[in-house]
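Undergrad: Fold the following, please.
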Amino acid sequence: MAHRPAMTGRPSLDAGEARKTAADRRWMTRAEVARAAGVEEQAVSLWASRHPQSFPQPIRDGHRLRYQVDAVAEWLDGRKIHQKARRADDPRGMTYGQRFRFAVGLAAAPDVRAQAKRWPAELLQRLRAWADQLPVDTDPITFEAVVLSLLCVRKVDPAGWGELQRASRADTQAKVIEVTQRLPQQLAAATEKLRGLPTDWWPGCLSKLVKELSAAPMPAADTFDVLLDQFARRRHSSPDEYLVPAALARLMVRLVDPRPGQRVHDPCCGPGTLLVEAGRHLASIGERAMGGASTVLTGRATTDRTWQLATLNTVIHDLHCDLGDGPPADANEVDAGPGGYDVVLLNPPFGKAEWSVPASRTGWKWLCGRPAPYDTASAWLQAVALALGPQGRAAVVMPSPFASGLSGQALAVRRGLVEHGFVRCVITLSRNLFRETAVPVTVWILAHPGQPPREDILLIDARKATRGDGSYRMLTEAGCTAILHAYRRWLAGSAALSQGSSPVTAITVTRDEVRDHEYALQPDTYQPRRPHSAASALPDQRAPAEVPDRRGAGLVSLLGVAPAPTGDRPDYRPAPGAETTRDSLIGAVPADWWVGPLDQRCEIQPGPSTARLRDSDYLPDGVPMVMAGGIRDGGIAPDLKKRVGDWTVRRLDRYQLRRGDILLVRVGDTKRFGTVTAKEAGWLMGDTCIRVRPGSGVTPEYLAWYLGRSDVQGWLNANTLHGSRSSISKRSLSQLPLALPPTAIQHRIVAAGNLIDEEFVKWEELARNPDNGRAHVDAAARW
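TA: Purely as a prediction, here's the structure:
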């Protein structure tokens, strides 16, 4: 039972606050948040400034900012009250979230880490300490398998577990072999690690583990979930497949919503996380009570380790699941099964450098052409699409660059899936969600095209639907709810997909739009759109003014080529016609603009490799060398520490900088760039930079303006290879779509850029507060 803080000395809300409606109480000012949390208002400001990515984003209400109460409570749940800030009646370990929830009358936190907190911290510490004591020739994977296998024995064979508890230290290993040999055949095979241990393996280890696991207060299934996560955190890597985080697994299952009587399959199930979550979902909707329909759960593991873990996982969760008799002979096989599935869940090993097909499927007809030998992601995505039954749907984890990369294979697969009507939705997620890799991912929702295909696709940006979890990120409950809400509203045909306060952004794009953007399925690829809202206002309400797009039509209007206002609405400007404009990355631009790849108008040069520089090349008083960290605030930092001699500069003269060069970060935050001035001319760039030298007809000022546009920044992010060290290649940057006006127009755009931004801010304010008067409307109409 959760601890309820004593009422003595608690911050209380005044009578006016108490009279607020439930809807009103969902939003609080910064001062109200501070009072409920028992801190100074300055502390709330500090939280917001130090944690801009995770702290809830406010909305503006007149001259005040308001925060969503539930989001604030969830964020504060992760912040313990420091000893010096605790009140006399605050228990040790109390969080600001508990204090805040009590003050505003919210229920106790639905803490997804409650299971881990119930597990004795001392035991987790001992497990880590024991793992550190393993002999150098012992694989940590073996230790994990031993612990999880013993836990499963405790659940399925109470009598055998009792024998292990009573066994002496010297007899424990022999007794473990005896007990596990009596298990059902498949489970006996899954626990073979217990029988294959050398007799001198860590003396006393088994008896210690039996004793500790016997004392665990949690159900065995909950303990199994916690330990799977803890082991993945400790490893930071995986020998085969990545563990799907619990929150992401729940989200994927809820999106495809398996129902009783349906066939659910995971063709590369890893440790079985998605299948277990599907079983939980079916239990939550009362499968056994719904006409006795029997759901068929099947899975396929690709390695011995994952097959054993998946078997243990499904058994310990009382789940009937057919995982076959073992993994295939070739772990690289791409095989989604015989097909006809109602639901497919998949987190494929897309990092593998090679793949194959089983001999039984050598005549397989690929939907989008046979993938390249190294393109595992394309192979799995096509296999899943072809495995869907007439009403089938799938949720598939894919690497983020696959959604918008310009490589021939990725583009061909996206084109094929879109044109055949398979793609329903693509959700862009944050990096660091997985324990064993930092790579950002997307979730693709596919559907069999046998049903009438829709002409639009839903794209959801959920990168802000997370919070910190140590060195990782985790999906929040509010974020998952917002994603589900947007997807279900889209399925129902609603125009209101997300609210202004939502942690996610949802947009719909037509197939024609997707074709025009090289079948890119990242929200950042498309020009900024207005937040989805209700289709019409109430009769007594004035609809807010439409926010113009400063990247598209607003830019064309600035250049004086927009159609003239109509007679009945002098303040209205229709969208530019197709005969006067053309599409570009930043929206519709005049037809006389040049649009094409960046490398056709600029020279692109990465910095020299470190192999070309020796220790003797560096001098304390030499010529500065610009590294990624020296690119700041649109320019080059003056205080660079790394310097090289003049003779090194002459040897590497192709990497020298000139006035007007644009220097981008090649390794790191690839959206950052700086313009080289006369002061930095002659300096050398380092290996973490990539130089763009404007060609004829390209002004450096316009190129810098262009690179700073949100659409272009989104393109750079989408075409970055994300990992422990994110990077962008010369080949990728060369394909950046450039929209280039005549030189005179470039100068006008740069001169007016600040004014456009200022007017756009006014538009946004007007959209939120339509009653602020017509002054802004008259001013904004000019744009």
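Undergrad: Now do the contacts for Ser54.
TA: Neighbouring residues of Ser54 by Cβ atoms under 8 Å, 6 or more residues apart in numbering: 75, 466-468. The C-beta positions use only the backbone N, C-alpha and C, and glycine is treated the same way.
Undergrad: In these, find the pair that's most separated.
TA: Trp75 and Thr466 (11.2 Å; Cβ to Cβ).
Undergrad: coming back round to it: now pLDDT too, for the contacts of Ser54, in CSV please.
TA: Output for the contacts of Ser54, formatted as CSV (pLDDT from 0 to 100):
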residue, pLDDT
Trp75, 87
Thr466, 88
Arg467, 88
Gly468, 84
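Undergrad: Just the buried subset of those residues, please.
TA: Buried by 16 or more other Cβ atoms under 10 Å: 75, 466-467, out of the contacts of Ser54.
Undergrad: Next up, the contacts around the spatially most central residue of the chain.
TA: The residue lying closest to the centre of the chain (Cα atoms, centre = their mean) is Leu429, at 1.9 Å. Leu429 makes contact with 248, 400, 440-443, 462-463, 465-466, 475, according to Cβ under 8 Å, 6+ apart.
Undergrad: which one among the contacts of Ser54 gets closest to Met94?
TA: Closest approach to Met94 among the contacts of Ser54 (Cβ to Cβ): Trp75, at 15.8 Å.
Undergrad: Work out for me the element the closest one sits within.
TA: Using DSSP states H and E, Trp75 sits in helix 69-76.
Undergrad: name the helices or strands packed onto that helix?
TA: strand 27-29, helix 96-104, helix 477-491 (3 or more Cβ pairs under 8 Å, 6 or more residues apart in numbering; DSSP states H and E).
Undergrad: What's the first helix or strand after the shortest one?
TA: The one in question is strand 27-29. Next element after strand 27-29 (DSSP H and E): helix 30-37.
Undergrad: centre of the chain versus that following helix, how much separation?
TA: 30 Å (Cα atoms, centre = their mean, to the nearest Å).
Undergrad: Quick one: residues in contact with it.
TA: 11, 13, 17, 28, 40-41, 43-45, 58, 65, 67, 72, 76, 96, 99-100, 103-104.
Undergrad: how many neighbours does the closest residue to Arg693 other than its chain neighbours have?
TA: Take Arg693 and drop its neighbours on the chain: the residue closest to it by Cβ to Cβ, 6 or more residues apart in numbering is Glu603, 4.2 Å away. For Glu603, the neighbour count with other Cβ atoms under 10 Å is 12.
Undergrad: and what of Lys84?
TA: That count, for Lys84 with other Cβ under 10 Å as the rule, works out to 5.
Undergrad: Please tabulate the contacts of Ser54 in JSON lines and include distance to Glu212 and secondary structure as additional columns.
TA: Shown next, in JSON lines, are those (distance: Cβ to Cβ, whole Å; DSSP: H, G, I helix; E, B strand; the rest coil):
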{"residue": "Trp75", "distance to Glu212": "34", "secondary structure": "helix"}
{"residue": "Thr466", "distance to Glu212": "33", "secondary structure": "strand"}
{"residue": "Arg467", "distance to Glu212": "31", "secondary structure": "strand"}
{"residue": "Gly468", "distance to Glu212": "30", "secondary structure": "strand"}
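Undergrad: For Asn313, which residues are in contact?
TA: 224, 228, 271-273, 275-276 are the contacts of Asn313 under Cβ under 8 Å, 6+ apart.
Undergrad: which residues does the residue nearest to Leu209 when sequence neighbours are not counted contact?
TA: Nearest residue to Leu209 in three dimensions, chain neighbours excluded: Leu150, at 5.6 Å (Cβ to Cβ, 6+ apart). Applying Cβ under 8 Å, 6+ apart, we find Leu150 in contact with 164, 176, 194, 206, 209-210, 213.
Undergrad: Low-confidence regions, the stretch 201-350 of the chain specifically.
TA: 201-203, 216-218, 286-293 (pLDDT under 70).
Undergrad: for it, what spans make up the strands?
TA: Here the stretch 201-350 of the chain has its strands, by DSSP state E, counting those that start in this stretch, at 263-266, 296-299, 341-346.
Undergrad: what's the closest of those strands to Pro741?
TA: strand 341-346 (45.2 Å).
Undergrad: same for that closest one, what does it pack against?
TA: By 3+ Cβ pairs under 8 Å, 6+ apart, strand 341-346 packs against helix 246-256, strand 263-266, helix 273-284, helix 376-386, strand 388-399.
Undergrad: returning to that earlier point: now the buried ones among the contacts of Ser54 as JSON lines including distance to His82?
TA: Below are these laid out as JSON lines (distance: Cβ to Cβ, whole Å):
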{"residue": "Trp75", "distance to His82": "17"}
{"residue": "Thr466", "distance to His82": "25"}
{"residue": "Arg467", "distance to His82": "20"}
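Undergrad: burial of Val156, as a residue count?
TA: The burial count for Val156: 17, using other Cβ under 10 Å.
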